[in-house]
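> build me a model from this:
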Amino acid sequence: HDIAKELPIEEQLQLAEECTLDVTEVELNSPPLLHAIAGSVLIQRVFDIKSTDIINAVRYHTVGRSGMSLTEQIIYMADLVSEDRDYKDVKKMRKLAFSDFEKAMFEALKFSMCDSVEKGNTIPTSTLEAYNEFALARKRKENK
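As a prediction, this is how the structure comes out:
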């Protein structure tokens, strides 16, 4: 999923601009997000990947989106709790990912948005839509 992460930012941006999936101005103006978009283009070109599920998993592994498949959710979560992560509460998030995956996804999306706000960064629309989807699902579950 991080195939493009070490490419120069200019090359990531060029690949991201060639992406046929929905790419927003917010994402194009956020260098840390470019590698995911560029990676989705690269895996198709370099490895001839045609699976929409795999392409989407790479494309959305940093921002999420509504309607994520289980594969997409797993890659999103794996990226967030990988061994090289050291943010506050990462151990708690890792534990939650193995005990209640749906709740972990909700918490992960909430964390992502809060972290972006605290840093004064923009929030991609797809992240907000994914958060809302998981929040509504939790409310429905609680109301049953």
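> so what's K141 up against?
The contact partners of K141, taken as Cβ atoms under 8 Å, 6 or more residues apart in numbering, number zero. (Glycine included, C-beta is placed from N, CA and C.)
> how much space between it and F134?
10 Å (Cβ to Cβ, to the nearest Å).
> for Y87, same thing?
According to Cβ to Cβ, Y87 stands 20 Å off from F134.
> E25: what's it in contact with?
With Cβ under 8 Å, 6+ apart, E25 has no contacts at all.
> again, 10 Å this time
Each residue near E25 by Cβ atoms under 10 Å, 6 or more residues apart in numbering is listed here: 122, 124.
> the chain: helices as residue ranges?
For the chain, the helices defined by DSSP state H occupy 9-18, 25-28, 31-47, 52-59, 70-80, 90-99, 101-118, 125-142.
> any chance of the ones you listed in a markdown table, plus mean pLDDT and distance to I3?
Shown next, in a markdown table, are the helices of the chain (pLDDT from 0 to 100; distance: least, Cβ to Cβ, whole Å):
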| stretch | mean pLDDT | distance to I3 |
| --- | --- | --- |
| helix 9-18 | 97 | 10 |
| helix 25-28 | 96 | 17 |
| helix 31-47 | 97 | 5 |
| helix 52-59 | 98 | 7 |
| helix 70-80 | 97 | 12 |
| helix 90-99 | 95 | 23 |
| helix 101-118 | 95 | 21 |
| helix 125-142 | 95 | 20 |
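> nearest to D2, of these?
Closest approach to D2 among those (Cβ to Cβ): helix 31-47, 6.4 Å.
> can you pull the buried residues of that closest one?
33-44 (16 or more other Cβ atoms under 10 Å).
> export the helices of the chain to CSV and tack on distance to H1?
Compiled in CSV, those are given as follows (distance: least, Cβ to Cβ, whole Å):
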stretch, distance to H1
helix 9-18, 14
helix 25-28, 16
helix 31-47, 6
helix 52-59, 5
helix 70-80, 5
helix 90-99, 16
helix 101-118, 15
helix 125-142, 16
